[in-house]
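Trainee: Structure for the following, please:
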Amino acid sequence: MNEALVLLPDIMCDARVFGPQLAAFSKTHAITVAPITGGDRIEEIASNLLDVLPRRFALGGLALGASVAMEIVRRAPDRVTRVALMNASAFAETPQSAADFEPIITKARADNLRGFADGIMPPETLAPGPMRAEVMALVYDMADHLGKDALIRQARAIQRRRDYQAVLRKIKMPTLVLCGANDSATPIKRHSFLADLIPYAELSVIEGAGRLPTLEQPDATTDALSEWMRQPLVLR
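Mentor: Numbering: from 1, shown residues only. Okay, here's the model as predicted:
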């Protein structure tokens, strides 16, 4: 029986952000896209998810979802068979970067969800080209679908997240660190640093993608995830 696969989306995103991967992996794996809307702290979101997720599972997280994935690994490493961290940050927000969220949160409170989305994920964090407008249109729709209360909770969770570097150093499972080459928010050098922290990590840089490689370059992203899923659990 293949491992169950749990995917955690980014802020403002629902299962549609993993649409191509759902289509690919659902043929062979029990796959779940778990919501990351159940709290205004990473720790609370992770705790709530652990109550309902399978006993053992492979875990992939995208951006904010990657932060929740790191917290799940911190809390329950024996339940996670392997982990993929996509467009991830392992660092706590600085006081200034946390404060920068406040005017963006104000937009959500005023029901300006498009303004919130543009503040959280400016279009230029996606790769240039014809896919940028299409992906941003989906982001706006997903943000509307989640609603302002969930979006504000997610923004608060980012503001309050801890530093996960110590957690990464202790990971002893097959690990994929994946990023879009054009993601200005979390550049390649930051992902290279994260991969170097993890004893068994592989770094995959997706060309022609930015903040959302699962949608911008779905085939390349799915191929990288497939290779990660094929790695043996016993690492030498």
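Trainee: Have a look at the chain and report its longest helix.
Mentor: Longest helix of the chain, by residue count under DSSP state H: helix 131-146.
Trainee: what's the spacing between the closest residue to Lys148 other than its chain neighbours and Gln154?
Mentor: Using CB to CB, 6 or more residues apart in numbering and skipping residues adjacent in sequence, the residue nearest Lys148 is Ala108, 4.5 Å away. No exception for glycine: its C-beta is placed from N, CA and C like everyone else's. The spacing between Ala108 and Gln154, counted by CB to CB, to the nearest Å, is 10 Å.
Trainee: circling back to that earlier point, the residue nearest to Lys148 - how many residues pack around it?
Mentor: When counting by other CB atoms under 10 Å, one arrives at 23 neighbours for Ala108.
Trainee: residues making contact with the host helix or strand of it?
Mentor: Of the helices and strands defined by DSSP states H and E, Ala108 is found in helix 101-109. If you take CB atoms under 8 Å, 6 or more residues apart in numbering as the criterion, helix 101-109 is touched by 113, 115-116, 119-120, 148, 151-152, 155-156, 158-159.
Trainee: ok, 6 Å please
Mentor: Helix 101-109 has contacts (CB atoms under 6 Å, 6 or more residues apart in numbering) with 115-116, 119, 148, 151-152, 155, 159.
Trainee: Next up, the contacts around the residue nearest to the spatial centre of the chain.
Mentor: For the chain, the residue lying nearest the average C-alpha position, counting by CA atoms, centre = their mean, turns out to be Leu62 (1.4 Å). By CB under 6 Å, 6+ apart, the residues touching Leu62 are 9-10, 86.
Trainee: do Ala88 as well
Mentor: Ala88 makes contact with Ala66 under the criterion CB under 6 Å, 6+ apart.
Trainee: Check for me that it belongs to a helix.
Mentor: No: checked against DSSP: H, G, I helix; E, B strand; the rest coil, Ala88 lies outside a helix; its state is coil.
Trainee: quick one: it and Tyr164, what's the gap?
Mentor: 9 Å.
Trainee: where are the low-confidence patches of this protein?
Mentor: Applying pLDDT under 70 to the chain flags residues 1, 234-236.
Trainee: quick one, strands of it?
Mentor: For the chain, the strands defined by DSSP state E cover 5-8, 31-33, 57-62, 80-86, 175-180, 201-206.
Trainee: could you give the angle of the longest one to strand 201-206?
Mentor: Orientation check (axes from the mean of the first three to the mean of the last three CA atoms, to 10 degrees): strand 80-86 against strand 201-206 gives 40 degrees.
Trainee: Name every strand pairing with strand 80-86 and say which way it goes.
Mentor: Note on strand 80-86: by DSSP bridges, its sheet partners are strand 57-62 (parallel), strand 175-180 (parallel).
Trainee: What of the last one?
Mentor: Paired neighbours of strand 201-206 in the sheet (DSSP bridges): strand 175-180 (parallel).
Trainee: residues of the strand it pairs with that come out buried?
Mentor: By neighbour count with 16 or more other CB atoms under 10 Å, strand 175-180 contains the buried residues 175-180.
Trainee: Would you format the residues you listed as TSV with distance to Lys189 included?
Mentor: Below are the buried residues of strand 175-180 laid out as TSV (distance: CB to CB, whole Å):
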residue	distance to Lys189
Thr175	18
Leu176	18
Val177	12
Leu178	15
Cys179	10
Gly180	14
